[in-house]
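Peer 1: 3D model of this:
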Amino acid sequence: MNTSDVAQLFKQIENGTLTAAEALTRLAPTQDDIGFACVDLDRQRRCGMPEVIYCPGKTPEQIAAVAKSLNDAGQDVLATRASPEAYDAVHAIIPAAAYDAQARLITRQQTPPSPIGHISVVCAGTSDMPVAEEAAATAEFMGGHVVRVHDVGVAGLHRLLARLPELETSTVVIAVAGMEGALPSVLGGLMHCPVIAVPTSVGYGSSFGGVTALLAMLNSCASGITVVNIDNGFGAAVAATRINRQSVAQPKDSSL
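Peer 2: Below is the predicted model of the structure:
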């Protein structure tokens, strides 16, 4: 930020269009070069959520260093696909960090937000739960009120129908399924809210590691379903969070 930009900030404070706290945020460093990585410290302001650490391919020491950079800057820490070894490295320097073994997430929040909206995470089978939990725990971390609905796949459709009254109050639904990936199509034909489909790599040989479920969801006859990549519970949670925040900011018209 140059001298002219700083002067403009002072003018905005003077005329009351900017608070001192907001000005300090803008003056803070936007990145932290730690050698092997350039940590984005401005993403929270730009996107409403901080930089997230994707752990595969990084050493535990690298993950811990990025987490420390974020934590030292007063930002929340979220690391996905994290191993117990990665958590041990982070916990050694950030004792307040927590680990969700099923979701494979490392988290550290400065101030946990008050949950808003209603994000439903629906998974077809117990084998899909690691991906569903990645989505659910990420959405909670980002401030959403999350309801989990497990093991309601189309092999026993009555289980899903029994939960419909609860699901109909959702602002957005994340539907997680492997095998033939039919669950999001069913939900898409029943729900008024956005449905985000997450194909998983669960299934026998002809599931092709989730490709069958992915193609089925992309070709759903239920209009308007959003589809993320195979096993991408995190990506689904980010999309759901944005929808959820918009829905809460702009309440649904009761006449519709």
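
Peer 1: got the end-to-end distance for stretch 73-86?
Peer 2: 20 Å (CA to CA, to the nearest Å).

Peer 1: Could you give the separation of that stretch from the chain centroid?
Peer 2: With CA atoms, centre = their mean, to the nearest Å as the basis, stretch 73-86 stands 13 Å off its chain's centre.

Peer 1: Begin at 33, not 1, for the rest of this chat.
Peer 2: Happy to do that; since the first residue is 33 now, the last one works out to stretch 105-118.

Peer 1: quick one: buried residues of it?
Peer 2: The neighbour-count check on stretch 105-118 (16 or more other CB atoms under 10 Å) flags Ala105, Gln107, Asp108, Val109, Leu110, Ala111, Thr112, Arg113, Ala114, Ser115, Ala118 as buried. From N, CA and C alone the C-beta is placed, and that goes for glycine too.

Peer 1: now do stretch 269-280
Peer 2: Quick answer for stretch 269-280 (16+ other CB under 10 Å): Ala269, Val270, Ala271, Ala272, Thr273, Ile275, Asn276, Arg277, Ser279, Val280.

Peer 1: Tell me which entries of those lie within helices.
Peer 2: Ala269, Val270, Ala271, Ala272, Thr273, Ile275, Asn276, Arg277, Ser279, Val280 (DSSP state H).

Peer 1: Roughly how far does the third one sit from Met174?
Peer 2: This points to Ala271. Going from Ala271 to Met174 by CB to CB, to the nearest Å gives 11 Å.

Peer 1: How about the last one?
Peer 2: Note on Val280: its distance to Met174, by CB to CB, is 13 Å.

Peer 1: intersection of neighbour lists for those two?
Peer 2: Residues touching both Val280 and Met174 (CB atoms under 8 Å, 6 or more residues apart in numbering): none.

Peer 1: Domain-wise, how is this structure divided?
Peer 2: Domain assignment for the chain by automatic domain parsing gives 62-140, 148-281.

Peer 1: Please identify the most buried of those.
Peer 2: domain 148-281 (a mean of 21; mean count of other CB atoms under 10 Å).

Peer 1: now do the same end-to-end measure for it.
Peer 2: 10 Å.

Peer 1: Off-centre distance for that domain?
Peer 2: Offset of domain 148-281 from its chain centre (CA atoms, centre = their mean): 13 Å.

Peer 1: just the buried residues of stretch 269-280: which has the poorest pLDDT?
Peer 2: Across these, the bottom pLDDT score, 78, is held by Val280.

Peer 1: quick one, what contacts that residue?
Peer 2: If you count contacts by CB under 8 Å, 6+ apart, Val280 has them with Ile148, Gly149, Thr203.

Peer 1: Run through this protein and note the low-pLDDT ranges.
Peer 2: 33-38, 41, 53-61, 282-288 (pLDDT under 70).

Peer 1: Alright, calling it a day.
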